[in-house]
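# here is a sequence together with a model predicted from it:
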Amino acid sequence: MADENNLPQDDNLTVDPTHAAGEMADADGETTGDATATAAPHATETRTDAELADLKDKYLRLAAEFENYKRRTTKERIELFKTASQELMTALLPVLDDFERARNATQDTTDANAVRESLDIIQNKLNKTLQQKGLTAMDAKGGDFDAELHEAITQIPAPSEELRGKIVDVVEQGYYLGDKVIRHAKVVLGQ
């Protein structure tokens, strides 16, 4: 009977059965191989694709928001213009009523002073209403010519020495709306 201690030892029988032939184990016993080398680039590509998809989504959302913003501001601007016109028309309606009343009241009169007086009252009311809306008349007569404000239509001999090169007459009144010139004054210059 042979002694079990004297049996020849096979090296393959002493290898850990959890490791296959050809694999290397590191100090902690973890397996390293080709699988981890190919998994790292694949994970990087997946993360890059996810970031790209996220950026595309953000871009599309921002583009849609910008289009909505443009559409909304255009609509608000149109509404503002409509409202501004309506507000001005509402303010001018009492002046229109006064014209109608004056016309009816002076229809049979031959008194020119009564007609002139009613016209003066209505003009004052119209001027006051327009001033409340920001309209201001230019004060050009006797001042220096300014090409930004005035349009010279002719030159005449100056009636006095101090009016030489100045505005001696205003043919058509100029107006500001706020700080903006909405009509240049047509003026006559003295030479």
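Nice, thanks for sending it over. Numbers count the residues shown, from 1 in each chain.

# and residue 173, what are its phi and psi?
Per-residue torsions, residue 173: phi -70, psi 140 (degrees, to the nearest 10).

# where does the one residue sitting closest to the centre of the chain sit: helix, strand or coil?
For the chain, residue 73 is the residue whose C-alpha lies nearest the centre (Cα atoms, centre = their mean; 7.2 Å). For residue 73, the assignment made with DSSP: H, G, I helix; E, B strand; the rest coil gives helix.

# now do residue 108
Strictly by three-state DSSP, residue 108 counts as coil.

# what pLDDT does the model give it?
Note on residue 108: pLDDT of 86.

# just to revisit the earlier point, next, the contact list for the residue nearest to the centre of the chain, please.
The contact partners of residue 73, taken as Cβ atoms under 8 Å, 6 or more residues apart in numbering, number zero. The C-beta positions use only the backbone N, C-alpha and C, and glycine is treated the same way.

# per-residue confidence at it?
As predicted, residue 73 sits at a pLDDT of 95.

# the protein: helices as residue ranges?
34-105, 112-132 (DSSP state H).

# can you tell me which of those helices is packed in deepest?
With neighbours taken as mean count of other Cβ atoms under 10 Å, the helices of the chain reach their highest mean count in helix 112-132, at a mean of 13.

# which elements pack onto it?
Under the contact criterion of 3 or more Cβ pairs under 8 Å, 6 or more residues apart in numbering; DSSP states H and E, helix 112-132 touches helix 34-105.

# can you list the helices of the chain in a markdown table and add distance to residue 167?
What follows is the helices of the chain, written out as a markdown table (distance: least, Cβ to Cβ, whole Å):
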| stretch | distance to residue 167 |
| --- | --- |
| helix 34-105 | 30 |
| helix 112-132 | 22 |
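
# correct me if wrong: residue 145 contacts residue 163.
No: contact criterion Cβ atoms under 8 Å: residue 145 and residue 163 do not qualify, at 11.5 Å.
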